[in-house]
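[1] Predicted structure and sequence below. I'll ask about it afterward.
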Amino acid sequence: MLEKIKEVLQKIPWPLFVVGFVGVVLLIWGSLPEKKPAPVIEATLERPQIGEEEKLAQLLSSLGIGSVKVMITYEDEGKTHVAEDKSVETTYDGSGVRSVKESTEVVRMKTASGETGLVLVQESPKVSGVVVTTSKPLSTAQKLRIIEAIRALWDLPLGRIVVLGKE
């Protein structure tokens, strides 16, 4: 058997053999799966909802309580929910043993700057507390109006809102 193979190989001209060998290598190389680099996600360390404190300070200063400073604390930085493509592959072997393979992939969208995940829902950061300070002394009625305004915006419990006037 080996002798027949040797005879056939000796009858093939060497340039044809080299071209055939290179063709087989290219076929194998072309069938290998591509390894794409993992997408780079840029993380920012900005405070969520920048500008909310300034907006609330402007709103409250219109109540005639002098200059106002506001600090808002957040429970989280908000959440972004992206579309995902989930697939489940179930296989059975001869003895009835089941094998389940699950895979999840983010649905991508092409943009001018490249690719990005398809955003389904963008949740705002959740406010956990508010502190308001004023440059004038406040009456109880003024403090209650400020607290009502803040509760109307974020529905915070009373213990999470602090209003301080100059003593």
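    Looks like it arrived, so ask away. Numbering: from 1, shown residues only.
[2] Can you report phi and psi for V97?
    phi -80, psi 130 (degrees, to the nearest 10).
[3] now it: how far from T90?
    Distance, V97 to T90, using CB to CB, to the nearest Å: 11 Å. C-beta coordinates here come from the backbone N, C-alpha and C atoms, glycine included.
[4] what do you get for V106?
    Counting by CB to CB, the gap from V106 to T90 is 23 Å.
[5] How about K55?
    In terms of CB to CB, K55 sits 53 Å off from T90.
[6] what do you get for I28?
    30 Å.
[7] Quickly list the domain ranges of this protein.
    Domain ranges of the chain: 2-31, 80-122, per automatic domain parsing.
[8] CSV for these, including mean pLDDT?
    Putting the domains of the chain into CSV (pLDDT from 0 to 100) gives the following:
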stretch, mean pLDDT
domain 2-31, 77
domain 80-122, 80
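[9] which helix of the protein spans the most residues?
    helix 14-31 (DSSP state H).
[10] Alpha carbons only: can I get that helix in CSV?
    Taking Å, rounded to 0.1, in the frame of the first residue of the first chain, the C-alpha atoms of helix 14-31 are listed here in CSV:
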residue,chain,number,x,y,z
TRP,A,14,6.8,18.8,-7.6
PRO,A,15,5.4,22.2,-8.6
LEU,A,16,1.9,20.7,-8.8
PHE,A,17,2.4,19.0,-5.5
VAL,A,18,3.5,22.3,-3.8
VAL,A,19,0.5,24.2,-5.3
GLY,A,20,-1.9,21.4,-4.0
PHE,A,21,-0.3,21.5,-0.6
VAL,A,22,-0.6,25.3,-0.4
GLY,A,23,-4.3,25.0,-1.5
VAL,A,24,-5.0,22.5,1.3
VAL,A,25,-3.4,24.7,3.9
LEU,A,26,-5.4,27.8,2.7
LEU,A,27,-8.6,25.8,2.8
ILE,A,28,-7.9,24.7,6.4
TRP,A,29,-6.8,28.3,7.4
GLY,A,30,-10.0,29.8,5.8
SER,A,31,-12.3,27.5,7.7
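[11] Figure out the helix or strand that I147 lives in.
    helix 140-154 (DSSP states H and E).
[12] Now render the domains of the chain as TSV, adding mean neighbour count.
    TSV is the format used below for those (neighbours: other CB atoms under 10 Å):
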stretch	mean neighbour count
domain 2-31	9
domain 80-122	10
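[13] Quick check: end-to-end length of stretch 60-72?
    Start-to-end span of stretch 60-72 (CA to CA, to the nearest Å) is 14 Å.
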